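1. predicted model, plus sequence, below.
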Amino acid sequence: MTSTSLRADLAVCGVAVDAPVSRRAGAGPSDDGHVLLGGVGVALPIVQRSKYTVREGRLLLDGADLGLEITPVQRPRFYDLVTADGVPYEKIARLHGANVLATTVVQTCIRYGEDERCRFCAIEESLKQGSTTAVKTPAQLAEVAEAAVRLDGVAQMLMTTGTSAGRDRGARHLARCVAAVTAAVPGLPVQVQIEPPGDLEVLTELRDAGAVSIGIHVESLDDDVRRRWMPGKGSVPMAEYRAAWREAVRVFGRNQVSTYLIVGLGEDPDDLVAGAAELIDLGVYPFVVPFRPIAGTLAVDVDRVAAPPSWQVADVTDRVAELLVSAGMRGADQRAGCAACGACSALATAGG
């Protein structure tokens, strides 16, 4: 069984392994290869000089067998297909973990200028590299989702978006995409992820389109950290986040709303845990992940920021997991999305 300390150390140090399914230069804050660790889907940085290596399907630490099986998630069959309008499926949506289909429906963001860009984010880099398309249509996503479920056993889907200039922040295009997917694949749980919209009524529109859970990601509750790391998003008052979370909980239900909290941005760990407690009281799941250096981001290319120490990640994770357990909230009880998958966080390992 994986301990929180081992899971956190793997998340920080990465592992040397060939991973056919990986995510590179995306919206952040993760940039990983996908593996099964002890049979559980995990997303880990691929670091060829890591102290963690793999031999004959076993995880090794400095050459010592840790007694855990580790196998790469295999390339899905739907990646070999092309849409009716000629776009490779893997440019429309990608496999995350073992059975999650994920897509960024709009791969551009109004906050991507250097003076507003989130410093851990590389959302437009994959677009520049030609590995995705700028805008995914509802018809394309429905086609890919149907094939991913049929051919590869995908069990849930996650849709995020770069922020648009409209008051809905891109939510209405997400709603059209969700409606198309759920019509093509009835019963497929879909999570959507957006900034707090100026018009909170769009949260109901997203639910009515078929979304079953939602992520409204703040990354940090510390205003100084937000201004430093997310100058664009940090200009959105915390009052708007809290209003959006409250309405989202009303619309989607307790523990069907989540937000990222990133360890390693400079926020005091005790304050981060206290903020997580506040979120849990609201019915919002705080999805705790470590900051991970990603090439193409300002944090790496300009700031040279390193990952936090793994002991700190484990400590925060354990404390937040204890709060979640006390509140009866588990990521596995979410119907779709990052917390339901759990691959990018150690919270599930710690019981949350």
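-> Happy to help now that I have it. Residues are numbered from 1 along each chain as shown.

2. for the rest of this, base every contact and every neighbour count on C-alpha atoms.
-> OK.

3. for the closest residue to Gly275 other than its chain neighbours, helix, strand, or coil?
-> Spatially, and ignoring its direct neighbours in sequence, Gly275 is nearest to Leu221 (6.6 Å; Cα to Cα, 6 or more residues apart in numbering). The three-state assignment at Leu221 reads coil, by DSSP: H, G, I helix; E, B strand; the rest coil.

4. now do the same contact list for Leu221.
-> Counting by Cα atoms under 8 Å, 6 or more residues apart in numbering, Leu221 makes contact with Met238, Leu272, Gly275.

5. from those residues, which is closest to Asp281?
-> Within the contacts of Leu221, the smallest distance to Asp281 is 9.9 Å, found for Gly275 (Cα to Cα).

6. turn the contacts of Leu221 into CSV, columns for neighbour count and distance to Val181.
-> Conversion of the contacts of Leu221 to CSV gives the following (neighbours: other Cα atoms under 10 Å; distance: Cα to Cα, whole Å):
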residue, neighbour count, distance to Val181
Met238, 16, 32
Leu272, 21, 36
Gly275, 18, 35
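
7. ok, so of those residues, who is nearest Ala350?
-> Leu272 (17.0 Å).

8. picking up where we left off before, now the phi/psi pair for the residue nearest to Gly275, please.
-> Torsion angles at Leu221 (phi, psi; degrees, to the nearest 10) stand at phi -100, psi 0.

9. kindly report the same for Val192.
-> Dihedral angles for Val192 - degrees, to the nearest 10 - are phi -110, psi 150.

10. on that earlier part again, out of the contacts of Leu221, who's nearest Ala93?
-> Closest to Ala93, out of all of these and judged by Cα to Cα, is Met238, at 31.2 Å.

11. contacting residues for that closest one?
-> Leu221.

12. distance of it from Arg227?
-> For Met238, the distance to Arg227 (Cα to Cα, to the nearest Å) stands at 12 Å.

13. quick one: the helices in the stretch 201-350 of the chain?
-> Using DSSP state H, counting those that start in this stretch, the helices found in the stretch 201-350 of the chain span residues 201-209, 223-229, 238-252, 269-282, 298-301, 310-327, 338-341.

14. again, but for the stretch 1-150 of the chain
-> Using DSSP H, counting those that start in this stretch, helices in the stretch 1-150 of the chain cover 4-13, 125-128, 138-152.

15. highest mean neighbour count out of the ones you listed?
-> Across the helices of the stretch 1-150 of the chain, averaging neighbours per residue (mean count of other Cα atoms under 10 Å) puts helix 4-13 on top, at a mean of 22.

16. which of the helices of the stretch 1-150 of the chain has the lowest mean pLDDT?
-> Sorting those by mean pLDDT places helix 125-128 lowest, at a mean of 87.

17. returning to that earlier point: what pLDDT does the model give the residue nearest to Gly275?
-> pLDDT, Leu221: 97.

18. what's the answer for Gly296, then?
-> 84.

19. is it true that it touches Glu125?
-> Yes - in this structure, Gly296 is within contact of Glu125 by Cα atoms under 8 Å, at 6.8 Å.

20. neighbours around Asp303, how many?
-> 10 (other Cα atoms under 10 Å).

21. kindly report the same for Ser326.
-> Neighbours of Ser326 (other Cα under 10 Å): 10.

22. any idea how far it is from Ile280?
-> In terms of Cα to Cα, Ser326 sits 10 Å off from Ile280.

23. and for Gly328?
-> Distance from Gly328 to Ile280, by Cα to Cα: 10 Å.

24. ok, those two, which is more surrounded?
-> Each of Gly328 and Ile280 has its neighbours counted (other Cα under 10 Å); Ile280 has more, 21 against 12.

25. thanks a lot, see you next time.
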